[in-house]
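Trainee: need coordinates for the below:
(one chain, ligands or ions: 2)
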Amino acid sequence: MQPEQDLLPNMLLSDLQTGERGVVVRVAGHGAFRKRIIEMGFIKGVTVESIQNAPLNDPIKYRIMNFEVSLRRSDATKIEIVGEQEAEKEIVNHDDFQPLDAPDCDAMHHIAEERGKTINVALVGNPNCGKTSIFNIAAHAHERVGNYSGVTVDEKVGTFEHGGYTFNLVDLPGTYSLSAYSPEELYVRKHILEKNPDIILNVVDGSNLERNLYLTTQLIDMDITMVMALNMYDELQRSGDKLDISQLSNLLAMPIVPTTGRNGDGIGRLFDKIIEVFEGTNKSDKSDKSTNFRHIHVNHGKELERCITSLRTELRDHGFSDTLSTRFLAIKLLENDKQLEHYTSEHDPDGSVLKMRDDIGSEYLKANHQDIESAVTDAKYAFVRGALAECYVKNEKSTLHAGTDRIDALATHKWLGYPLFLCVLFFTFFCTFFIGQYPMDWIEALFGWLGSLVEKAMPAGPLRSLLVDGIISGVGSVIVFLPQILILYLFISVMEDSGYMARAAFIMDKFMHHMGLHGKSFIPMIMGFGCNVPAIMATRTIEDRKSRLLTMLIIPMMSCSARIPVYVILTGAFFGGVKAAFIMMGLYLIGMVMAVLMAKLFSRFFVKGESLPFVMELPPYRMPTAKAVLRHTWEKGKEYLKKMSTIILGASIIVWALSYYPTHENPHYQAEHSYMAQIGKAIEPAMRPCGFDWRQSVSLLAGVGAKEVVASTMGVLYSTGAELSDLSDGTDLSDKAELSDLVRNNMTPLSALSMLLFILLYMPCVSTIVAIKNESGKWKWALFTVAYTIILAWVVATVFYQLGSLIL
Ligand code: GDP
Ligand code: MG
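Mentor: Numbering: from 1, shown residues only. Ligands and ions are numbered 1, 2, ... in the order given. Prediction:
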């Protein structure tokens with residue numbers, strides 16, 4: 001895995017100074033533009049000399065193969081080269097180059113050759129067509145796959161070797177179209193246009209061709225080099241549908257390789273094909289027919305084509321070059337694409353292109369009684385249907401998804417869907433907490449043993465106290481929850497991969513709408529049970545800005561797994577078995593109810609705007625693969641452990657130090673006067689109404705860094721306290737009491753419940769706050785979240801505690 005990097009990181013032709021030479025590595029950009037450049041002679045491995053390149057000079061003059069050519073500066077930025085200076089630097093760094101005897105370009109050629117061995121590929125396709133599965137297999141990566149739309153919200157880059165080439169593979173978010181309606185669509189479009197990948201790998205769900213090929217038609221408009229992965233090929237075969245692949249490949253004028261992303265079938269061949277196409281595009285001679293696919297236009301029908309052509313001519317007359325396919329631009333302008341309108345008006349300040357666009361649009365409307373935007377969509381679907389009519393026979397008697405229909409009769413039933421969903425939730429939490437208890441006990445015993453071992457082996461003093469009370473008990477009190485977190489993630493993964501999560505979102509849609517949210521908001525909310533940070537990032541799949549912001553603001557109400565440790569300690573201390581499971585589930589439900597109330601409140605008063613209707617996609621159920629589920633679960637577990645070894649270790653040490661110092665001979669005096677106690681006591685008055693003493697107050701305060709720290713702080717504070725009181729009444733220190741016992745001695749059930757509520761609701765951890773800031777784009781909303789959660793937690797806990805004290 002590599003961080004996101006620019007796909008043209010090296011020197012560009014436009015950087016070449018007058019008199020300098022360079023060797024061409026690759027020509028980016030697409031279609032007609034690229035062809036023109038290549039035909040001018042700018043092909044891989046050719047030496048270019050800049051004859052005249054002054055900063056304000058446009059075009060720039062070059063000598064190439066003894067011809068002089070001039071290129072626009074903007075075109076020259078699409079050509080990657082190796083320059084002389086670069087080559088010299090490499091020679092210094094590399095032993096395998098001989099110093100230049102002749103000032104020839106050997107080194108430059110060598111480096112260009114090496115760099116030309118890199119192919120940048122971007123995965124583009126509908127949500128849920130298997131892009132991430134292919135990405136994972138190809139790049140040996142561990143990204144999460146999920147059987148619902150919108151799992152990939154960011155791009156992932158993987159690097160691997162295949163067939164003598166290095167591939168930079170980018171997994172982009174799934175989109176149905178390339179209009180500018182959702183952030184993903186814009187994102188994918190921007191990536192294609194700005195990062196100029198060498199090949200677009202269009203992944204297509206073979207069991208859902210018509211809709212998937214719609215996106216393909218838009219990619220064809222962009223005039224880019226494409227290879228198609230016909231994925232879900234196993235399902236296509238099982239369904240009994242007949243598809244003539246070579247015919248489809250001819251019609252669409254692109255190579256098609258059947259693949260099965262789930263088990264990796266065909267993926268090797270897919271990348272062989274990509275290499276073949278890549279090598280083909282770098283040749284300027286057209287004799288090699290096998291790899292040179294012609295470029296087709298998606299025919300939109302006579303009338304529309306006329307509109308497209310006249311707008312395209314107008315664009316060209318205004319100096320729009322084919323760097324961005326003018327055909328694509330013309331079509332998108334006819335579709336009233338806001339972003340490309342903006343782009344156009346930047347390059348055409350007097351607005352005549354857009355004026356012409358408007359005229360064409362209104363004329364079309366008058367003549368055809370249909371707006372041109374929907375006409376374009378219809379024409380594209382007509383093209384796809386036409387193509388499929390020639391090469392595809394659907395098996396009407398297919399039983400492939402009959403199982404899906406049967407399960408959905410229950411899972412999305414008007415009434416039965418809800419109890420089923422509640423049962424699934426209950427089963428999930430029951431397994432998490434009940435089964436998780438066993439490994440948890442073992443880990444707890446292990447840490448207890450470790451603590452007493454160190455205690456026996458070392459003399460008393462700050463170091464021993466740091467190890468035993470700080471590190472071992474702090475980190476230990478959090479690490480014991482690893483099994484439960486893994487189990488919870490296992491369930492979430494299975495629900496996602498099987499497709500049930502999408503049903504949950506579907507049946508929740510009606511409720512969600514009442515709150516000004518989307519059914520789609522539900523998936524990030526459920527993900528919030530794992531960790532709020534990815535959940536907030538997952539809101540990107542919600543097209544509607546208002547719903548998206550609202551969802552972000554209420555995700556902190558979703559009880560993340562970091563809160564599990566302290567829940568377990570508190571419920572375990574006062575309530576056992578089934579009662580504990582119910583309380584735990586109650587907490588999750590209260591969080592959800594609060595989320596509903598807050599969403600309603602905010603959509604009424606703070607977050608303005610309309611919400612749009614949408615279609616929720618229900619993919620067929622698929623048996624999750626064990627590999628994917630386990631990998632996903634483990635990835636999360638690893639993140640948890642990583643957090644443990646950094647933030648939580650650090651926080652444990654700080655908390656320990658604050659409670660150990662200043663030291664005093666009298667242990668009681670020290671316990672009451674440590675820095676920690678001082679802080680706790682300072683805020684205690686404010687927390688009294690909720691029923692918290694200073695230790696609880698301090699623990700809550702410490703949890704702001706990461707929620708797990710609430711548990712570890714209690715671990716440290718109560719064990720220091722116990723040790724000191726143990727000292728005074730002479731009991732055996734090495735017999736380390738369990739934290740639960742300590743808690744039981746220091747809290748009442750009522751204050752424990754009040755604390756559970758407070759922890760559920762109060763301010764999100766620092767990472768979540770930052771995530772809200774990043775995703776909403778404003779600190780305002782992050783701070784708003786901090787403020788409302790603290791107030792809400794305090795009010796709810798206080799009301800609960802005060803009423804409880806009255807009744808009990
Ligand atoms: P993405 O949204 O395009 O990234 O799709 P994912 O890679 O997350 O896959 C969506 C679902 O389809 C997952 O449940 C995969 O296990 C499943 N899947 C992916 N490729 C195939 C395939 O070729 N055949 C079958 N049967 N399932 C697949
Ligand atoms: Mg994906």
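
Trainee: for the rest of this, base every contact and every neighbour count on C-alpha atoms.
Mentor: Noted.

Trainee: so which helix or strand of this structure has the lowest pLDDT on average?
Mentor: Here the helix or strand of the chain ranked lowest by mean pLDDT, DSSP states H and E is helix 708-729, holding a mean of 63.

Trainee: tell me the mean pLDDT over stretch 453-465?
Mentor: Across stretch 453-465, pLDDT averages out at 87.

Trainee: just the terminal-to-terminal distance for it.
Mentor: End-to-end distance for stretch 453-465, by C-alpha to C-alpha, to the nearest Å: 13 Å.

Trainee: so Gly637 makes contact with Gln484?
Mentor: No: counting by C-alpha atoms under 8 Å, Gln484 is not a contact partner of Gly637; they are 10.0 Å apart.

Trainee: who's more crowded, those two?
Mentor: Neighbour totals were compared for Gly637 and Gln484, and Gln484 leads with 24 against 18 (other C-alpha atoms under 10 Å).

Trainee: which other helices and strands does whichever helix or strand the more buried one is part of contact?
Mentor: If you go by DSSP states H and E, Gln484 is part of helix 482-498. Judged by 3 or more C-alpha pairs under 8 Å, 6 or more residues apart in numbering; DSSP states H and E, helix 482-498 is in contact with helix 417-430, helix 437-457, helix 626-643.

Trainee: ranges for the strands of the stretch 201-350 of the chain?
Mentor: Counting by DSSP state E, counting those that start in this stretch, the stretch 201-350 of the chain has strands at residues 226-231, 242-243, 256-258.

Trainee: quick one: the last one near ligand 1?
Mentor: By that I understand strand 256-258. No: Strand 256-258 is not in contact with ligand 1 by C-alpha under 6 Å from any ligand atom; minimum separation 8.9 Å.

Trainee: neighbours of Ile683, how many?
Mentor: Residues near Ile683, counting by other C-alpha under 10 Å, number 16.

Trainee: and what about it, helix, strand or coil?
Mentor: With DSSP: H, G, I helix; E, B strand; the rest coil as the basis, Ile683 sits in helix.

Trainee: and the nearest residue to it once chain neighbours are set aside, what does it touch?
Mentor: Excluding the flanking residues, the one nearest Ile683 by C-alpha to C-alpha, 6 or more residues apart in numbering is Ser697, at 7.0 Å. Contact partners of Ser697, counting by C-alpha atoms under 8 Å, 6 or more residues apart in numbering, are 680, 683-684, 687.

Trainee: lowest-confidence entry in those?
Mentor: Among these, Gly680 carries the lowest pLDDT, at 85.

Trainee: go ahead and confirm that one touches Trp694.
Mentor: Yes: contact criterion C-alpha under 8 Å: Gly680 and Trp694 qualify, at 4.3 Å.

Trainee: surely Gln218 meets Thr175?
Mentor: No: contact criterion C-alpha under 8 Å: Gln218 and Thr175 do not qualify, at 11.4 Å.

Trainee: return the distance of whichever residue of the stretch 401-550 of the chain sits closest to ligand 2 relative to Gly130.
Mentor: Nearest residue of the stretch 401-550 of the chain to ligand 2: Asp497, at 11.3 Å (C-alpha to the ion). Using C-alpha to C-alpha, Asp497 is found at 11 Å from Gly130.

Trainee: more neighbours: which of the two?
Mentor: Gly130 (27 against 24).

Trainee: these two touch, right, the residue of the stretch 401-550 of the chain closest to ligand 2 and Ala626?
Mentor: No: look at Asp497 against Ala626 with C-alpha under 8 Å: they stay out of range, at 10.0 Å.

Trainee: which other residues reach stretch 301-316?
Mentor: With contacts defined as C-alpha under 8 Å, 6+ apart, stretch 301-316 is touched by 299, 326-327, 329-331, 334, 353, 356-357, 360, 375-376, 379.

Trainee: tell me how many other residues surround the residue lying closest to Ala180 once chain neighbours are set aside.
Mentor: The shortest distance from Ala180 to any residue other than its chain neighbours is 5.2 Å, reached at Leu186 (C-alpha to C-alpha, 6+ apart). Other residues lying near Leu186 total 17 when counted by other C-alpha under 10 Å.

Trainee: do Met763 as well
Mentor: 27.

Trainee: try Met11
Mentor: Other residues within reach of Met11, judged by other C-alpha under 10 Å, total 18.

Trainee: also Arg744?
Mentor: 16.

Trainee: mind telling me which residue of the stretch 351-500 of the chain is nearest ligand 1?
Mentor: Relative to ligand 1, the nearest point of the stretch 351-500 of the chain is Asp497 (4.5 Å; C-alpha to the nearest ligand atom).

Trainee: filter the contacts of stretch 301-316 down to just the ones in helices.
Mentor: Among the contacts of stretch 301-316, DSSP state H puts 326-327, 329-331, 334, 353, 356-357, 360, 375-376, 379 in helices.

Trainee: ok so Ala122 is a helix residue?
Mentor: No: going by three-state DSSP, the assignment for Ala122 is strand, not a helix.

Trainee: contact partners for it?
Mentor: Per C-alpha under 8 Å, 6+ apart, neighbours of Ala122: 169-172, 192, 197, 199-201.

Trainee: out of these, flag the one nearest to Met598.
Mentor: Leu172 (33.0 Å; C-alpha to C-alpha).

Trainee: do I have it right that the closest one meets Lys190?
Mentor: No: between Leu172 and Lys190 there is no contact under C-alpha under 8 Å: 11.0 Å.

Trainee: which positions in the stretch 251-400 of the chain make contact with ligand 1?
Mentor: By C-alpha under 6 Å from any ligand atom, the residues of the stretch 251-400 of the chain that approach ligand 1 are 260-262.

Trainee: lowest pLDDT pick from those residues?
Mentor: Lowest in pLDDT among those is Arg262, which has 90.

Trainee: what residues are up against that residue?
Mentor: Arg262 neighbours (C-alpha under 8 Å, 6+ apart): 130, 133-134, 232, 625.

Trainee: just those residues: which are in helices?
Mentor: Secondary structure defined by DSSP H assigns 133-134 of those to helices.

Trainee: on that earlier part again, which element is the residue nearest to Ala180 on?
Mentor: Judged by DSSP H and E, Leu186 forms part of helix 183-195.

Trainee: list the buried ones in that helix?
Mentor: For helix 183-195, burial by neighbour count (16 or more other C-alpha atoms under 10 Å) applies to 183-189, 191-195.

Trainee: could you dump the contacts of Ala122 to a markdown table with secondary structure?
Mentor: Shown next, in a markdown table, are the contacts of Ala122 (three-state DSSP):
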| residue | secondary structure |
| --- | --- |
| Leu169 | strand |
| Val170 | strand |
| Asp171 | strand |
| Leu172 | coil |
| Ile192 | helix |
| Pro197 | coil |
| Ile199 | strand |
| Ile200 | strand |
| Leu201 | strand |
